[in-house]
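Chemist: would you be able to build a 3D model of this:
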Amino acid sequence: IIYKDMTKATDAVKGIINSNNIYTLLLNTGLVNYTKLAREIKSQVDFLTGKKVKINTIVKALTNIEVKAKPKDILLILKQSILTLEYNYKEINTENKNDIPEDAILIIKETNGYSAIIKTTEGNSLVIAKILLPPGSCTTAGITLLITEFLEINGVSVKNIYRLSREIWIIVDSESAGKTADALNRLLYRSSDKESGPVNVVQG
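Modeler: Below you'll find the predicted structure:
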């Protein structure tokens, strides 16, 4: 009976992973935290098996799973991308667009006004992790979602994330900057057989 339950849980995990391109990509990087990924899919595994499945069982299934062939396009794009960290920003919200400073680097129209990202000298500022994608990658779908999932599974709290043509902007608190840089550095460099390179840091 235990063997059958294990097989059923394993089949459920395989089905969840192979039907989700983001999870497949994460496993292909070899950098995913199996325990955190197991917690993320546990409710789906429980539903499919009709019982409460232990986290250790899901982790074991994840480590033994044979995922689909690597989606080379996204992994190649990540390999060719450049990571930059820019400090000393803050996000403001206003109903009047005229209240936004002219040097704002991003303005977003929302239902009840505007939000903008501007430079600041105040403490507890925001950090922008900018990922510059290589030419020709603008139409490739799934990159932003992969990065978001990867950061969440690695315990990075993201305030906002924006896709701007060839750039992806990830907004985090200043205290999360180091953890964010480490996670993104591992994803962009080590996941694609490229030596880990230095992160370009702009204090502003």
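Chemist: so which elements touch the longest strand belonging to the chain?
Modeler: When the chain is parsed with DSSP state E, its longest strand is strand 82-94. Using 3 or more C-beta pairs under 8 Å, 6 or more residues apart in numbering; DSSP states H and E as the contact test, the elements touching strand 82-94 are strand 113-119, strand 126-132, helix 177-188, strand 200-202. Where C-beta positions appear, they are placed from N, C-alpha and C, glycine not excepted.
Chemist: in that strand, which residues are buried?
Modeler: 83, 85-89, 91 (16 or more other C-beta atoms under 10 Å).
Chemist: that one pairs with which strands, and in what direction?
Modeler: strand 113-119 (antiparallel), strand 126-132 (antiparallel), strand 200-202 (parallel) (DSSP bridges).
Chemist: deepest of those, which one?
Modeler: Ranked by mean neighbour count under mean count of other C-beta atoms under 10 Å, the strands paired with strand 82-94 are led by strand 126-132, which reaches a mean of 21.
Chemist: in the protein, which spans are helices?
Modeler: For the chain, applying DSSP state H gives helices covering 2-18, 21-29, 34-49, 55-64, 72-79, 143-153, 177-188.
Chemist: now the closest residue to Glu122 other than its chain neighbours, which residues is it bridged with?
Modeler: Distance criterion C-beta to C-beta, 6 or more residues apart in numbering; nearest residue to Glu122, sequence neighbours excluded, is Lys90 at 6.4 Å. Taking DSSP bridges as the rule, Lys90 bridges to Ile118.
Chemist: sketch out the low-pLDDT regions of this protein for me.
Modeler: For the chain, the stretches with pLDDT under 70 are 1-7, 67-72, 190-204.
Chemist: mind putting the buried residues of strand 82-94 in JSON lines, distance to Ala181 included?
Modeler: Listed next are the buried residues of strand 82-94 as JSON lines, based on distance: C-beta to C-beta, whole Å:
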{"residue": "Leu83", "distance to Ala181": "7"}
{"residue": "Leu85", "distance to Ala181": "6"}
{"residue": "Glu86", "distance to Ala181": "11"}
{"residue": "Tyr87", "distance to Ala181": "11"}
{"residue": "Asn88", "distance to Ala181": "16"}
{"residue": "Tyr89", "distance to Ala181": "15"}
{"residue": "Glu91", "distance to Ala181": "20"}
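Chemist: quick check: the two most widely separated of those residues?
Modeler: Distance extremes for those: the farthest pair is Leu83 and Glu91 at 21.1 Å, using C-beta to C-beta.
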